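In: pasting the structure only:
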């Protein structure tokens, strides 16, 4: 019988590609010597524990070890990736129907959570770093101004690090939030390795979500939810709403094994990765730290006059970066990479001659007008049209390059010609998109109901 997906993945694996994307194990054996996982793929059977159960068991012991190591009150294993954690965290902190301050640069999972929970967002736009061609960190002063202007907001959600490795000052932002009686949630999906390298900024937040599978040697969808001031049963309550009632024991066991590995050999290997990435940043055009710009020390973001061409050239040599855009190629370097892997990457870079200054990249235009709430946009009737014909229409979903999944136009916002021009300029290659069916924003429609609940900076 045909097995097209398995055959395609097997053929790709047999070609021995250099994997500089996620999952963070990069195809190497998992910690603990994991075999083909069927041998440990159990369900709840009385001896295996219950992820959402009340009685202490081996799963809770493993979660406690993670919480203790990273300095949090509680930890919940996630088998649905950081998306499950984002939805769980916002439900825990913001509930339903309230107001939140949200990083405009949030992943699409945050926007979906806004819709599912019927939350009214005030967006926090990031400053544009023209030289680097990326958005910078969230300024604590902006959070302060937002909370002063909207005292009803008691939940703030930011991303740190970004896809490009940009770190915000989490402790400073947390201090601002707490001074206003608000809670801070951090989407740290790309930062699960940072605490093992000495970074302690996450401890200041109330809730942090991390994808172990992105930067640690863990299988896809293995993730973690950490909290301060909340008990494990509180995390379980909402985690069970957004997670399967039959969670993967393979993923949970991998999380347990990965922590043990990172407390020993893994951290040493990651420190070697930090050294090697630093050397590559010195030899090749890449994003580098400077005053006002703190970076994940393992994220290699190469710059290029044509990032798409550089990404294509690397893939043609069997090297798979995480993403490419107009002026960058993003490589996720982890403890799975050593001298052979870094040497192979450097040889390929020498052959391509495509690195150089970042292609001039315009800043994103001002955010569009919000006509519908995220929830109204999600559930409204929609049609699919050529993107070029959508000026003046209302977006039904995110319009964004993916990855990184940061919307240029968010659900419920009106598409303008300047946004279409910007998408063309940055190389957005989708020619059709979903928009709200005609009449949904007319007189008496949901757009008018939304106006008083939807803030926009």
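Out: Cool, the structure landed. Please read all numbers here as calculations on a predicted model, not as lab measurements.
In: which stretches of the stretch 351-457 of the chain have low pLDDT?
Out: When residues are selected by pLDDT under 70, those of the stretch 351-457 of the chain lie in 439-457.
In: that one: strands as residue ranges?
Out: Assigned by DSSP state E, counting those that start in this stretch, the stretch 351-457 of the chain shows strands spanning 382-386, 432-436.
In: next, find the distance separating residue 161 from residue 12.
Out: Distance, residue 161 to residue 12, by CB to CB, to the nearest Å: 28 Å. In short, each C-beta sits where N, CA and C put it, glycine included.
In: between those two, who's got more neighbours?
Out: A count of neighbours by other CB atoms under 10 Å puts residue 161 above the other of residue 161 and residue 12, at 24 against 14.
In: for that one, grab phi and psi.
Out: Backbone torsions of residue 161, given as degrees, to the nearest 10, read phi -80, psi 170.
In: how about it, what does it touch?
Out: 167, 188, 190, 191, 194, 295, 296, 299 (CB atoms under 8 Å, 6 or more residues apart in numbering).
In: do residue 33 as well
Out: Residue 33 neighbours (CB under 8 Å, 6+ apart): none.
In: repeat for residue 205
Out: The neighbours of residue 205, taking CB under 8 Å, 6+ apart as the test, are 170, 174, 184, 185, 186, 228.
In: rewinding a little: relative to residue 233, which of the contacts of residue 161 is nearest.
Out: Closest to residue 233 out of those is residue 188 (22.9 Å), distances taken as CB to CB.
In: how near is that closest one to residue 195?
Out: In terms of CB to CB, residue 188 sits 9 Å off from residue 195.
In: find the residues that touch each one of these two.
Out: Applying CB under 8 Å, 6+ apart, one finds that residue 188 and residue 195 are jointly contacted by residue 202.
In: can you list contacts of the helix of greatest length in the chain?
Out: In the chain, with assignment by DSSP state H, the single longest helix is helix 267-283. The list of residues contacting helix 267-283 from outside it, by CB under 8 Å, 6+ apart, reads 193, 196-197, 262, 286-288, 297-300, 333-335, 337-339, 342, 345-346.
In: now that helix: buried residues?
Out: 267, 269, 270, 271, 273, 274, 276, 277, 280, 281 (16 or more other CB atoms under 10 Å).
In: stretch 420-435 too?
Out: 420, 422, 423, 426, 427, 428, 433, 434, 435.
In: residue 203: which of the residues you listed is nearest?
Out: Of all those, residue 426 has the smallest distance to residue 203: 35.8 Å, by CB to CB.
In: from residue 419, how far out is that closest one?
Out: Distance from residue 426 to residue 419, by CB to CB: 11 Å.
In: can you check residue 436 too?
Out: For residue 436 relative to residue 419 (CB to CB), the value is 16 Å.
In: residues contacting the closest residue to residue 105 other than its chain neighbours?
Out: Once flanking residues are discounted, residue 105 sits nearest to residue 406: 4.8 Å by CB to CB, 6 or more residues apart in numbering. By CB under 8 Å, 6+ apart, residue 406 lies in contact with 104, 105, 106, 107, 163, 400.
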